[in-house]
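Chemist: Let me see the structure of the following:
(chains A and B)
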Amino acid sequence: MAMKFSKKNFTDRTKDNISDDFMRQAVASAQERLHGRRLDAAEELGNWEEWRSHGEEIRQHVLENLDFYLHQLSENVAERGGHVFFAKTAEEASDYVRDVVKKKDGKKVVKSKSMVTEEINLNAVLEEAGCEVIETDLGEYILQVDDHDPPSHIVAPALHKNREQIREVFEGKLDYHKTSKPEELALHAREKLRQEFLDADIGITGCNFAIAETGSISLVTNEGNARLVSALPKTQITVMGMERVVPSFEEFEVLVSLLTRSAVGQKLTSYVTALTGPRDEGDVDGPEEFHLVIVDNGRSEILGTEFQSVLQCIRCAACVNVCPVYRHIGGHSYGSIYSGPIGAVLSPLLGGYDDFKELPFASTLCGACTDACPVKIPLHELLHTHRRIIVEEEGRSPISERLAMKAFGIGAASNPLYSMGSKVASTAMKPLTKNDRISKGPGPLKDWTDLREFPAVGNTRFRDWFYDQKGGK
Amino acid sequence: MKVSLFITCLVDMFYADAGKDMVEVLERQGCELSFPKGQVCCGQPAYNSGYVENSKSAMKNMIKTFENAEYVVTPSGSCATMFKLYPDVFKDDPNWLPRAQELADKTYEFTQFLVNVLQVENVGAKLKGKATYHPSCHMTRLLGASEEPKKLLNQVEGLEMIPLPNAHNCCGFGGTFSVKMGDISEQMVDEKVNSAIVTEADYLIGADCGCLMNIGGRAERVGKPIRVMHIAQVLNSRE
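Modeler: Coordinates of the predicted model:
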C-alpha cells in the first residue's frame, strides 16, 4: 500500500465514512477506552509534564544532530556485521529490499507491523516480484486477509472493524467457524501464522527506535510477533524512517516509557526487544544476515523548515485517539496511511498538497492533539502553518474566499466600515428573522442554517447600548 | 480598577445581553469600565483560515485601540487567545512586536479576570436548576482557563453542576470549519448536544459565544430542550 490509497476526493471519502455506523461506534469506544488509560498511565508516572519536556528535548536534540547519529548508527550496525542502506526515495527503499530478497531466493516473507513499509509500498513490490508476504501483527493480518483493506490508525490499523466484522472476514477467507470472541479469533490467527513463521525465509520488521551508540534496533509490541519475525528467518531486513534514532539506551528508556503510556496506556508493552546485528557465533537463534534500510523519502526536506518538529513524532497515536474530527470520520477519510492530526500534518509534507491539501482544514484547531502529544509537537500550530502556506503561498483557495478575506482585512480594521456593515447586515437580516432566529439564510449563511439556527441580530448592538448608558469613552 | 472591554463581534451583534451581564458583574466588583470605540474584530476568522497577512490590519487596529488600557477583559476565551497570539504574528516586526506583547500581557478572559485578578469566586449569583459546563477548546487548552469557570459556577446559589460526558471533545464550531466542513461539524455538534441532553441539565453553560451559537443553534434545529447560557449571564442571575 502506498501512502495515498484512495482515488476518491476528501469530501466523498468523508461522506462514506460518516455513514458507516459500525466504524464510528468502534472508533468512539476505542477513543474513550484509550483516553482514560492514557491519562491514568501518565498520572501514575508522576511529573508527566516533565517527562514530556524531556522527551521533546531528546527528540529535538536528535533532529539537530541527525547526521551525526545516523552516521554513528550505521558505523555500529556495520561493525556488528549488519548491512546499512540509505534510501533517498520510497522506490529506492523497496527496490533494495526486493533485491535482497531475490538474492536470498526468498519465497516467503513474514512481516511485523511497520508504517514505513506501507509508505514505501513494500508489500506490492515484493508480491510483484513473486514473493508471498504475510503480515503477522494481528491488526495488519486482518486487513491483509480482508483484501488489503487500508489501515485506519497508525497503532491499531484495524481499529475501524468490530469483532463481528472480523469474524466475517475470517469466516470468508480463513475457514473460521467459531464465535466473534477475541480470544477465539486471535487463537485462529495464531495457528495460521505459526506455520508461516516457521516456513519464512525472510523477516521484515519496522523499527520503533534505533540506538546509535550500540547499532541496535528496537521493537515494541504486545503480540510477540516481531520476536518471531526477527528470530526465525535466516535473513532479517529492518526498515526505519531516518528520524527514528536515539543516542543511547538512556534516552531510549525515556521514549519507550512515553510511547507505551501514550499509545495504549501501558507502563510497558508485553515485548520490548532490542536487537543488534545478525546472530553471533554460539547464538541459538536470530538471523544470519541483517539489513537496515534507512528511509528518507522526503524527511530531509522537512529538516530545517518550520515543520521540523513533526519529525519528533514517535508514532504513538495519542493525537489520533483524542481527535474529535477523527472520531467521526475515521482513518480512511484521510486517504493516507497516516491519519488523524499527525497524518494531516505529515501526509501533505511527504505526499504533497495536490493529494492532501484538504487535510489541514479538517480540524477545528481545538488543540487536543497538541495537549496529548508526549513529545510536545505543536500539531495544531503546524496545521495552521499548512493553511497559511496553502492559501498565501500556494494560492490554492477559492477566489470567492480570497476576495472575502481581503474584504475582511479592510472591514475589520476600521470601525466606521464595521459599523456600517453591521447595520446593513442587521437591516438585511430582519426580513429573514422569525422568533429571534434565522432558519434559512442566503449566500454564505446558508451553509450555517442548513444545519443550525442562526441568532437574530439584536435590536441594539452592545456598543450602542454602552454608549447610551455609560457614554462613549 | 480600570477595565477596558473587548466585547467581540459575536457579543456586539448577537449576544449583547451577555455583554450587559458582564458589565453588571464587573461593576458590582468595583471596576470602572470603558469601551474603546475603535474596536472591531480580533482577526481570528481570517487568521485561522490561513490568511495571516489579511488578518494583520485587524490586529493592528486592535493593538492601537487598546493601547491606553490598563486591563483588557473579554467574554471569550477564543478571542482572548487570539490577542495572546499577536506577539507570535508580529515576531519579525520590531515596530509592532512590543505593542502586541503589551496587549497580550494585559488581556484577560472574563472568568480569569474575576478569579485571578480580582480574586473573587463568589459573585453573589443565584440561579435555580441543573447545569452542565462545556469547556471551550481555545479557552481551556490554549489560554489555560479550565478551573476558573468551574470555581465561579460552583458558588452560584441554587445551581447544581453536572459533569458533561466527553466534555473535552470540541463542539465542532472551529470558526469557518463549521461551514467549510459542515458534514463533519454536524456530527460533532450532534454528539455535543446529545451529551448535554443525557445530563438532564436545564442549562448548557459556556464561556465562548461561537461554541454556544453552534451548540444552541443545533439544539434548536433538532428540537432538543436545553438552553445555552454564557457564563456572564449565569453570574449575573439574581433570581
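Chemist: B:Gln101 and A:Thr433, how far apart?
Modeler: 42 Å (C-beta to C-beta, to the nearest Å). Where you see a C-beta, it was placed from the backbone N, CA and C, and this is true even at glycine.
Chemist: Then B:Leu235?
Modeler: 28 Å.
Chemist: What of A:Ala28?
Modeler: For A:Ala28 relative to A:Thr433 (C-beta to C-beta), the value is 37 Å.
Chemist: Same check on B:Gly217?
Modeler: Taking C-beta to C-beta, one finds B:Gly217 at 14 Å from A:Thr433.
Chemist: Comparing these two, which residue is more hemmed in?
Modeler: Ranked by neighbour count (other C-beta atoms under 10 Å in any protein chain shown), B:Gly217 and A:Thr433 place B:Gly217 first, with 25 against 15.
Chemist: in what helix or strand does the nearest residue to A:Glu306 once chain neighbours are set aside lie?
Modeler: Nearest residue to A:Glu306, sequence neighbours excluded (C-beta to C-beta, 6 or more residues apart in numbering or on different chains): A:Thr385, at 5.6 Å. Here A:Thr385, judged by DSSP states H and E, is contained in helix A:379-388.
Chemist: That helix packs against which elements?
Modeler: Here helix A:379-388 touches helix A:340-351, helix A:368-372, going by 3 or more C-beta pairs under 8 Å, 6 or more residues apart in numbering or on different chains; DSSP states H and E.
Chemist: Looking at A:Gly441 now. What's its pLDDT?
Modeler: A:Gly441 is assigned 83 on the pLDDT scale.
Chemist: try A:Glu43
Modeler: Predicted confidence (pLDDT) for A:Glu43: 93.
Chemist: what's the answer for the one 4 residues further on, then?
Modeler: Note for A:Asn47: predicted pLDDT of 95.
Chemist: Next: B:Val73.
Modeler: 98.
Chemist: number of nearby residues for it?
Modeler: B:Val73 has 27 nearby residues by other C-beta under 10 Å.
Chemist: Just the mean pLDDT for stretch B:29-36, thanks.
Modeler: On average, stretch B:29-36 scores 97.
Chemist: Is it in proximity to chain A?
Modeler: Yes - against chain A, stretch B:29-36 shows contacts by C-beta under 8 Å from any C-beta of the partner chain at B:33-36.
Chemist: Other residues contacting that stretch?
Modeler: By C-beta atoms under 8 Å, 6 or more residues apart in numbering or on different chains, the residues outside stretch B:29-36 that reach it are A:463, A:466-467, A:470, A:472-473, B:1-5, B:7, B:23, B:26-27, B:65-66, B:68-69, B:114, B:118, B:120, B:123.
Chemist: pretty sure B:Lys130 is in a helix, no?
Modeler: No - B:Lys130 sits outside any helix when classified using DSSP: H, G, I helix; E, B strand; the rest coil, being strand.
Chemist: I'd like to know which of the helices and strands packed on helix A:379-388 lies nearest to A:Ile211.
Modeler: helix A:340-351 (23.3 Å; C-beta to C-beta).
Chemist: chain center to that closest one: distance?
Modeler: Relative to its chain's centre, helix A:340-351 lies at 8 Å (C-alpha atoms, centre = their mean, to the nearest Å).
Chemist: in it, what's buried?
Modeler: A:340-351 (16 or more other C-beta atoms under 10 Å in any protein chain shown).
Chemist: Can you lay out the helices and strands packed on helix A:379-388 as JSON lines showing mean pLDDT?
Modeler: Shown next, in JSON lines, are the helices and strands packed on helix A:379-388 (pLDDT from 0 to 100):
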{"stretch": "helix A:340-351", "mean pLDDT": "98"}
{"stretch": "helix A:368-372", "mean pLDDT": "98"}
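Chemist: Indicate which one of those helices is closest to A:Lys161.
Modeler: It is, among the helices and strands packed on helix A:379-388 and with distance given as C-beta to C-beta, helix A:340-351, at 17.1 Å.
Chemist: ok, and does that closest one reach over to chain B?
Modeler: No - Helix A:340-351 does not reach chain B (C-beta under 8 Å from any C-beta); its nearest approach is 12.0 Å.
Chemist: Check which helices and strands the helix or strand just after that helix sits against.
Modeler: Next along the chain after helix A:340-351, taking DSSP H and E as the criterion, comes helix A:353-356. Applying 3+ C-beta pairs under 8 Å, 6+ apart, one finds that helix A:353-356 contacts helix A:340-351.
Chemist: Skipping adjacent residues, who's closest to B:Ser78 in space?
Modeler: B:His138 is the one closest to B:Ser78 (C-beta to C-beta, 6+ apart), at 4.1 Å.
Chemist: Could you check how far stretch A:438-452 is from the centre of its chain?
Modeler: 35 Å.
Chemist: how about it: buried residues?
Modeler: A:438, A:441, A:445, A:447-449, A:451-452.
Chemist: Any chance of JSON lines for those, columns distance to chain B?
Modeler: JSON lines is the format used below for the buried residues of stretch A:438-452 (distance: C-beta to the nearest C-beta, whole Å):
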{"residue": "A:Ile438", "distance to chain B": "9"}
{"residue": "A:Gly441", "distance to chain B": "10"}
{"residue": "A:Leu445", "distance to chain B": "9"}
{"residue": "A:Asp447", "distance to chain B": "4"}
{"residue": "A:Trp448", "distance to chain B": "5"}
{"residue": "A:Thr449", "distance to chain B": "8"}
{"residue": "A:Leu451", "distance to chain B": "5"}
{"residue": "A:Arg452", "distance to chain B": "3"}
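Chemist: From those residues, which land in strands?
Modeler: A:Ile438 (DSSP state E).
Chemist: pLDDT check: weakest of the buried residues of stretch A:438-452?
Modeler: A:Gly441 (83).
Chemist: Quick check: phi and psi on it?
Modeler: The phi/psi pair for A:Gly441 (degrees, to the nearest 10) reads phi -90, psi 150.
Chemist: separation between B:Thr65 and chain A?
Modeler: 8 Å (C-beta to the nearest C-beta, to the nearest Å).
Chemist: Actually, B:Cys9.
Modeler: B:Cys9 is 8 Å from chain A, by C-beta to the nearest C-beta.
Chemist: where along chain B do the helices fall?
Modeler: In chain B, the helices defined using DSSP state H lie at B:9-13, B:16-28, B:44-48, B:52-65, B:77-89, B:97-105, B:110-112, B:137, B:147-154, B:177-180, B:182-198, B:209-221, B:231-235.
Chemist: show me where pLDDT drops low in the stretch 201-350 of chain A?
Modeler: Along the stretch 201-350 of chain A, no part satisfies pLDDT under 70.
Chemist: Tell me the residues of it that contact chain B?
Modeler: Near chain B, when you scan the stretch 201-350 of chain A using C-beta under 8 Å from any C-beta, you find A:322, A:324-325, A:327-329.
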